[in-house]
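Peer 1: Predicted model and sequence below, questions to follow.
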Amino acid sequence: MLQPIPAGFARPVFESQGTFRVILEAMSRPGRAVRIPVQAGGPQGWPGSLSALVLTLCDMDTPLWLDAAANTPDALRFLRFHCGCPVVAKPEQAAFAIVLDAQRLVSLGEFALGSAEYPEKSSTVLLYSPLLGQGGETLRVHGPGVDGEEEMPRSWLPENFVDQWHVNAGLFPRGVDVILVGNDAIVGLPRTLKLETKPCM
């Protein structure tokens, strides 16, 4: 028996505008957790914050790729009803990608990387992260939008992410952008952001 399609936003115009402002803030202040106040009703297994981002960013002109954890019948029904976005089979076809199982993240090089003429024609990856664990190893964060140098917990990222990010940064102006999506906050990782392991003392 099919379950009812989740309602999405309670107030679509107001909440999508508010969510978009949060996305802009996160991408302009990279490496920092920015609280996302809207929790949209979405498919089972999706945090409400992720549903809010998808409802804000995706429409019939934005091909979307889903990892195996996100690609469920409920999710496909939700996307068809609310967004009308085409769901594509390959990461390189996607304007946006949803990765719920961060530890099985495919190589960032498999997504659309844009071109020298059109670097904006690349994928933005919405990568689920609990954004927990303030202790432990931290990364140095610097680049445009960062006041000098800051730190970010490495636990926010999949195990092999930093090495992949170095490769991605070397492609500039091409390359993917990433938004870490927590349960109540997001973190922008534009391709211009530098992530470096802190030297051992």
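Peer 2: Ah, there it is.

Peer 1: center of the protein - which residue?
Peer 2: Taking CA atoms, centre = their mean, the centroid of the chain lies closest to residue 126, which sits 2.0 Å from it.

Peer 1: Mind pulling the model confidence for that residue?
Peer 2: pLDDT, residue 126: 98.

Peer 1: Quick check, it in contact with residue 176.
Peer 2: No. Residue 126 is beyond contact range of residue 176, at 11.1 Å (criterion: CB atoms under 8 Å). The C-beta positions use only the backbone N, C-alpha and C, and glycine is treated the same way.

Peer 1: which helices and strands does the longest helix along the chain pack with?
Peer 2: In the chain, with assignment by DSSP state H, the single longest helix is helix 12-28. Other helices and strands packing on helix 12-28, by 3 or more CB pairs under 8 Å, 6 or more residues apart in numbering; DSSP states H and E, are strand 33-35, helix 48-57, strand 177-181, strand 185-189.

Peer 1: between those, which gets nearest to residue 103?
Peer 2: The minimum distance between residue 103 and those falls on strand 177-181, with 13.8 Å, by CB to CB.

Peer 1: which outside residues touch that closest one?
Peer 2: With CB atoms under 8 Å, 6 or more residues apart in numbering as the test, strand 177-181 has contacts from 23, 26-27, 47, 49-50, 53, 108, 122-129, 131, 156-157, 186-191.

Peer 1: relative to helix 48-57, how tilted is it?
Peer 2: Put simply, strand 177-181 runs at 140 degrees to helix 48-57, going by axes from the mean of the first three to the mean of the last three CA atoms, to 10 degrees.

Peer 1: Can you list the buried residues in strand 177-181?
Peer 2: 177-181 (16 or more other CB atoms under 10 Å).

Peer 1: Pipe those into JSON lines and attach distance to residue 42 and pLDDT per row.
Peer 2: As requested, the buried residues of strand 177-181 are exported to JSON lines (distance: CB to CB, whole Å; pLDDT from 0 to 100):
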{"residue": "177", "distance to residue 42": "22", "pLDDT": "98"}
{"residue": "178", "distance to residue 42": "20", "pLDDT": "98"}
{"residue": "179", "distance to residue 42": "16", "pLDDT": "98"}
{"residue": "180", "distance to residue 42": "17", "pLDDT": "98"}
{"residue": "181", "distance to residue 42": "12", "pLDDT": "97"}
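
Peer 1: give me phi/psi at residue 102?
Peer 2: When quoted as degrees, to the nearest 10, the phi and psi of residue 102 stand at phi -60, psi -30.

Peer 1: Helix or strand: which one has the closest residue to it other than its chain neighbours?
Peer 2: Distances taken as CB to CB, 6 or more residues apart in numbering put residue 158 closest to residue 102, at 4.6 Å, once the chain neighbours are dropped. Here residue 158 is covered by no helix or strand, with elements defined by DSSP states H and E.
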